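Chemist: I would like to see how this sequence folds:
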Amino acid sequence: MDLENENIDFVKCLHIVVTPNQCERSHFFCFSCFKKCPICKNIRSNGFINTICKYQFKEDENSFGFVEDSEGCTFSGPLKNIAHHEETCKYRFEDCIYSVQNNKKSYGLFIKNNIRYGFYTGKTKPSKCKIRFKDLDFHYLVCPFRPKECKFCKSEILYSIKEHENFCSFSPMSETNELDNDQIEILRIKKQHQEVILSLKKEFSIQQMEKEKTILKLEKLVKENLSEPKNKFHWKIKNYLEFIRIGYCKSDKFLVQNFQFQFCILSDRDSIEGKSYIRLQLDSSDIPKGKFINTEISLKFKNQSGPLGNLYLESNLTFPILTSDSGCGVGHSINTHDLESNGFIKNNTLLISAEVKIKDIFWLVE
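Modeler: Modelled structure (predicted):
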């Protein structure tokens, strides 16, 4: 019987407990003597004897027995269920993996790269450590035997890093720990290797960053080319004012449905107002006799710094232009002085975007 029951008189069974029973709080008592638990006065359970989880207790450090733990498991249930509960109980005890490795590895040393000599880590071993399962994650963060890297030999030590550093063959020279010439040479070579590795890592990182930037630029360019219709053309005219004084300026040729087009700007050098004309050109040699192409043209002059917005011009044009030997249609008149004073020309550069759509292709036979 429980010690708590020692002062309770069992009038019928005389403490033999002929018909054992257990209350909802797991107190045992004789059902022949009591209809309720004599300790807590709770009604008896439904005829089933419950048992408590063994992880309600912990090992007593001062003896070989166990004592009740106020932070232990509080589960109680039928005997048939207790085995499954204890297997998964979050209060169960687990071996700390670092203490287990320490006991197996002899002084807890795990060497990543032992160059030439063995290492000595101390004269004492850690005792086997058991932690409740629910506390393992936090314990591994603060466990004194968790792996640490020696700052001298770069080996990973699982036990007593301070003791190891005191005896490490690669620690700085002191009165009690002197390095011989071979060890000094090994340390020098190892340091050189580490510097080379760091340099290579840095160089690799820089190259990788540059390649990633290049890839991003290419992806952006591909995306722009895929998203932009093929009938759009961008014309960046550098030294624009010099071209105007010469009298003409031509763009690169561009394809729209296999027809080669070209923009040209012609200036009226005799005009006081500084007028120029921008025209779309299609060489008549590209078109068989009797074939005509009806086009729709949209021009945008980008305002680079002025208060006005962009300038848009639109027109419809049919090729070939029978009145023109060069295939140039009637152009839009633009005032060079207005462009320059309103911010369209910056650093002597003019930006023009054009969109040419072929609306219709037809034949006319005389």
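
Chemist: need the strands for the stretch 151-300 of the chain, in chain order.
Modeler: 156-157, 232-238, 248-250, 254-256, 259-267, 275-281, 291-301 (DSSP state E, counting those that start in this stretch).

Chemist: Let's have those in TSV, adding mean pLDDT.
Modeler: Shown next, in TSV, are the strands of the stretch 151-300 of the chain (pLDDT from 0 to 100):
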stretch	mean pLDDT
strand 156-157	67
strand 232-238	87
strand 248-250	85
strand 254-256	84
strand 259-267	84
strand 275-281	79
strand 291-301	87
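
Chemist: Any chance of CSV for the ones you listed, columns mean neighbour count?
Modeler: To be clear about C-beta, it is placed using only N, CA and C from the backbone, and glycine gets the same treatment. Shown next, in CSV, are those (neighbours: other CB atoms under 10 Å):
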stretch, mean neighbour count
strand 156-157, 20
strand 232-238, 15
strand 248-250, 15
strand 254-256, 16
strand 259-267, 19
strand 275-281, 20
strand 291-301, 17
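
Chemist: Could you dump those strands into a markdown table and include distance to Cys129?
Modeler: Listed next are those as a markdown table, based on distance: least, CB to CB, whole Å:
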| stretch | distance to Cys129 |
| --- | --- |
| strand 156-157 | 17 |
| strand 232-238 | 72 |
| strand 248-250 | 85 |
| strand 254-256 | 77 |
| strand 259-267 | 83 |
| strand 275-281 | 86 |
| strand 291-301 | 76 |
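
Chemist: closest to Ile131 out of those strands?
Modeler: strand 156-157 (20.9 Å; CB to CB).

Chemist: thought Leu299 was touching Ile334?
Modeler: No. In this structure Leu299 lies outside contact range of Ile334 using CB atoms under 8 Å: 9.4 Å.

Chemist: joint contacts of these two?
Modeler: Ile278 (CB atoms under 8 Å, 6 or more residues apart in numbering).

Chemist: Show me where the stretch 51-200 of the chain dips below the pLDDT cut-off.
Modeler: Low-confidence segments of the stretch 51-200 of the chain (pLDDT under 70): 63-65, 100-128, 152, 154, 156-180.

Chemist: For it, which segments are assigned as helices?
Modeler: 79-88, 97-105, 136-142, 161-167, 181-227 (DSSP state H, counting those that start in this stretch).

Chemist: what's Glu242 in contact with, if anything?
Modeler: If you count contacts by CB under 8 Å, 6+ apart, then Glu242 has Asn348 around it.

Chemist: let's see it at 10 Å
Modeler: When contacts are counted by CB atoms under 10 Å, 6 or more residues apart in numbering, Glu242 touches Cys249, Asn348.

Chemist: Check what pLDDT it gets.
Modeler: Glu242 is assigned a predicted lDDT (pLDDT) of 85.

Chemist: On the strand side of things, show who Ser315 bridges to.
Modeler: Ser315 forms beta bridges with Ile297, as assigned by DSSP bridges.

Chemist: Ok, Phe301 next?
Modeler: Beta bridges link Phe301 to Leu311, Ile352, judged by DSSP bridges.

Chemist: if I pick it, what's in contact with it?
Modeler: Neighbours of Phe301 in contact, by CB under 10 Å, 6+ apart: 278, 310-313, 332, 334, 339, 342, 344-345, 350-353.

Chemist: Now the buried members of these.
Modeler: 278, 311, 313, 332, 334, 339, 342, 344-345, 350-353 (16 or more other CB atoms under 10 Å).

Chemist: Next one: Tyr91 from Lys134, what distance?
Modeler: Using CB to CB, to the nearest Å, Tyr91 is found at 7 Å from Lys134.

Chemist: Show me where the stretch 201-350 of the chain dips below the pLDDT cut-off.
Modeler: 224-230, 269-274, 284-286, 321-331.

Chemist: and with 90 instead?
Modeler: Under the criterion pLDDT under 90, the flagged ranges of the stretch 201-350 of the chain are 201-202, 205, 217-235, 237-301, 304-348.

Chemist: Break this structure into its domains for me.
Modeler: Domain ranges of the chain: 3-92, 95-174, 180-228, 232-363, per automatic domain parsing.

Chemist: From one end of the last one to the other, what's the distance?
Modeler: In this case it means domain 232-363. When the termini of domain 232-363 are compared using CA to CA, to the nearest Å, they are 26 Å apart.

Chemist: coming back round to it: so which of the buried ones among the contacts of Phe301 is the closest to His193?
Modeler: Leu351 (55.3 Å).

Chemist: what about the nearest residue in space to that closest one that is not next to it in sequence, how many neighbours?
Modeler: The spatially closest residue to Leu351, leaving aside those adjacent along the chain, is Lys302, at 4.1 Å (CB to CB, 6 or more residues apart in numbering). Residues contacting Lys302 under the criterion other CB atoms under 10 Å number 16.

Chemist: Which residues are in contact with Lys302?
Modeler: Lys302 sits in contact with His234, Lys236, Gly309, Asn310, Leu311, Gly343, Phe344, Lys346, Leu350, Leu351, Ile352, Ser353, where contact means CB under 10 Å, 6+ apart.

Chemist: Go again with 7 Å.
Modeler: Asn310, Leu351, Ser353 (CB atoms under 7 Å, 6 or more residues apart in numbering).

Chemist: likewise Lys58?
Modeler: With CB under 7 Å, 6+ apart, Lys58 has these contacts: Phe66, Val67, Asp69, Gly72.

Chemist: Taking these, please make a ChimeraX selection of just the buried ones.
Modeler: Selection command for ChimeraX covering only the buried members of the contacts of Lys58, criterion 16+ other CB under 10 Å:
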select :72
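
Chemist: So which bits of stretch 144-157 are buried?
Modeler: Those would be Phe145, Arg146, Lys148, Cys150, Cys153, Ser155, Ile157, for stretch 144-157 by 16+ other CB under 10 Å.
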